[in-house]
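[1] My questions are about this predicted structure, shown below with the sequence.
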Amino acid sequence: MSRLLALKSQTESCVKCPLSNSRTKVVFGNGNENAQIFLVGEGPGYDEDQTGIAFIGKSGQLLDKILEACNFTREEHVFIGNIVKCRPPQNRTPSQEEMAACLPYLEEQIQLVDPKIIITLGATALKGLTGENLKITRERGNWRFWNDRLLMPTYHPSALLRTPSLKKEAWEDFKMVIRKYRELVDPNHYCKYI
Ligand code: URA
């Protein structure tokens with residue numbers, strides 16, 4: 001069993017916060033265990049809680065379209081996880097305590113996958129991972145470092161569904177990721193748009 005799978009089974013019996021009482025399934029994260037891009041979302045919604053698969057509902061479908069436009073696949077290029085692994089009731093924002101209880105799992109996951117690039121999706125993911133009270137509208141599109149790894153903050157797909165005019169900026173952010181991926185991982189990565 002890989003260390004990542006061992007960590008997955010550890011999370012499946014986690015009772016470190018009250019979200020464990022209401023969850024159907026723990027959503028550990030999905031994708032390539034050795035991906036060079038690690039996407040971080042906020043937390044499971046209804047569909048994710050039911051299936052145990054990250055970003056499988058409406059937001060996930062939009063995320064898949066964005067990844068497809070970048071010519072990135074879940075199987076090869078990315079791993080997708082969340083700040084909290086269990087669904088907050090009514091999809092509320094996870095509390096500080098819930099995020100703090102879950103963060104060590106995410107930190108270990110990132111270490112094990114060992115990606116060159118991290119993308120945080122939305123304000124909660126950015127704040128939850130960095131521990132800083134940052135504004136997504138200000139930070140998006142700007143590379144920063146998190147534990148010596150490059151991090152690109154961008155909008156959450158659900159924000160893009162609510163406010164489609166933000167899609168243009170999000171696409172600029174993903175184009176920066178493609179360029180960085182070419183620089184650091186595969187100079188020949190094909191994308192028909194850039
Ligand atoms: N929204 C998230 O932030 N994460 C998911 O896994 C699904 C929806």
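    That came through, no problem.
[2] quick one: pLDDT of the residue in the chain that the ligand sits nearest to?
    In the chain, the residue that lies nearest the ligand is residue 41 (2.9 Å; C-beta to the nearest ligand atom). All C-beta spots, glycine's among them, are computed from the backbone N, C-alpha and C. Here the pLDDT value assigned to residue 41 is 98.
[3] With residue 17 instead?
    98.
[4] Now name the helix or strand holding it.
    Under DSSP states H and E, no helix or strand contains residue 17.
[5] same deal with the one 3 residues further on?
    Here residue 20 sits within helix 19-22, counting by DSSP H and E.
[6] Quickly list what the most centrally placed residue in the chain is bridged to.
    The C-alpha lying nearest the average C-alpha coordinate of the chain belongs to residue 40 (C-alpha atoms, centre = their mean; 1.7 Å). Beta-bridge pairing for residue 40 (DSSP bridges): residue 81, residue 120.
[7] got the contact list for it?
    Each residue near residue 40 by C-beta atoms under 8 Å, 6 or more residues apart in numbering is listed here: 81-83, 106, 118-121, 125, 128-129.
[8] Of those, grab the buried ones for PyMOL.
    Buried residues within the contacts of residue 40, by 16 or more other C-beta atoms under 10 Å, are selected in PyMOL with:
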select buried, resi 81+82+83+106+118+119+120+121+125+128+129
